[in-house]
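A.B. asks: structure, please.
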Amino acid sequence: MADIVRSPGRDLRRANDGGKRIEYLAFTLGSQIYAVPIQHIAEILKPPPITEIPRAPRNVVGIISVRGKLVTVVDLRRRFGLVESPFDRRTRILLTDTGDDEPIGLLVDEVRQVYRLAEHEIEPAAALGGDQPAYIFGIGRQDDALLVLLELKALIES
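C.D. replies: Below you'll find the predicted structure:
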């Protein structure tokens, strides 16, 4: 066992970590990388045709049908006050599963990868300085990546 930990090319910090790791799905909005716990993502979809809803809140793009079930789609760029951009081949909808009856679709620019973060790789949202919205859980740091970690329930409810 000691040979495995000391073998060349191994990251000793990760080999000795032994702590619980949580998987986060990372995605981009503009130039920023955000991440949500992967356990709350049921599916990643290419955007199908979206039906607009008259007088819907500004954040709501419309609804889509996923296997016969209607899903409300929220544009996270609008939600965060970012400049809107047209859909392209990398645009995706994250179908959420927070345990509620109704899934919500989150429109994002691009899905990146899954990060497995240990407790010591996550800093509280206060590290950003100032008052942060309740849906920002913290900041994840792994290798060269800096992830803004989001709490889905708080994001959807706000």
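
A.B. asks: looking at residue 116 now. What's its pLDDT?
C.D. replies: The confidence metric pLDDT takes the value 94 at residue 116.

A.B. asks: which ones are touching the nearest residue to residue 150 once chain neighbours are set aside?
C.D. replies: Spatial nearest neighbour of residue 150, chain neighbours left out: residue 36 (5.1 Å); criterion: CB to CB, 6 or more residues apart in numbering. (Glycine included, C-beta is placed from N, CA and C.) Taking CB atoms under 8 Å, 6 or more residues apart in numbering, we find residue 36 in contact with 24, 25, 27, 94, 149, 150, 152.

A.B. asks: which residue packs closest to the last one, ignoring adjacent ones?
C.D. replies: Nearest non-adjacent residue to residue 152, counting by CB to CB, 6+ apart: residue 40, 4.8 Å away.

A.B. asks: for the one you found, what are its contacts?
C.D. replies: Residues counted as contacts of residue 40 (CB under 8 Å, 6+ apart) are 96, 97, 98, 152.

A.B. asks: pLDDT below threshold where in the chain?
C.D. replies: Scanning the chain with the threshold set as pLDDT under 70 gives 1-18, 100-101, 127-128.

A.B. asks: re earlier: look up how far residue 122 lies from the residue nearest to residue 152.
C.D. replies: Distance of residue 40 to residue 122, given as CB to CB, to the nearest Å: 16 Å.

A.B. asks: ditto for residue 23
C.D. replies: Distance from residue 23 to residue 122, by CB to CB: 13 Å.

A.B. asks: so between those two, which is more surrounded?
C.D. replies: Using other CB atoms under 10 Å as the criterion, residue 23 and residue 122 rank with residue 122 on top: 18 against 13.

A.B. asks: so what's residue 92 up against?
C.D. replies: Contacts of residue 92 (CB under 8 Å, 6+ apart): 27, 44, 45, 46, 47, 107, 108, 110, 111.

A.B. asks: which residue is the nearest non-sequential neighbour of it?
C.D. replies: The nearest residue in space to residue 92 (CB to CB, 6+ apart) is residue 111, at 5.0 Å.

A.B. asks: sec struct for that neighbour, please.
C.D. replies: Following DSSP: H, G, I helix; E, B strand; the rest coil, we place residue 111 in the strand state.
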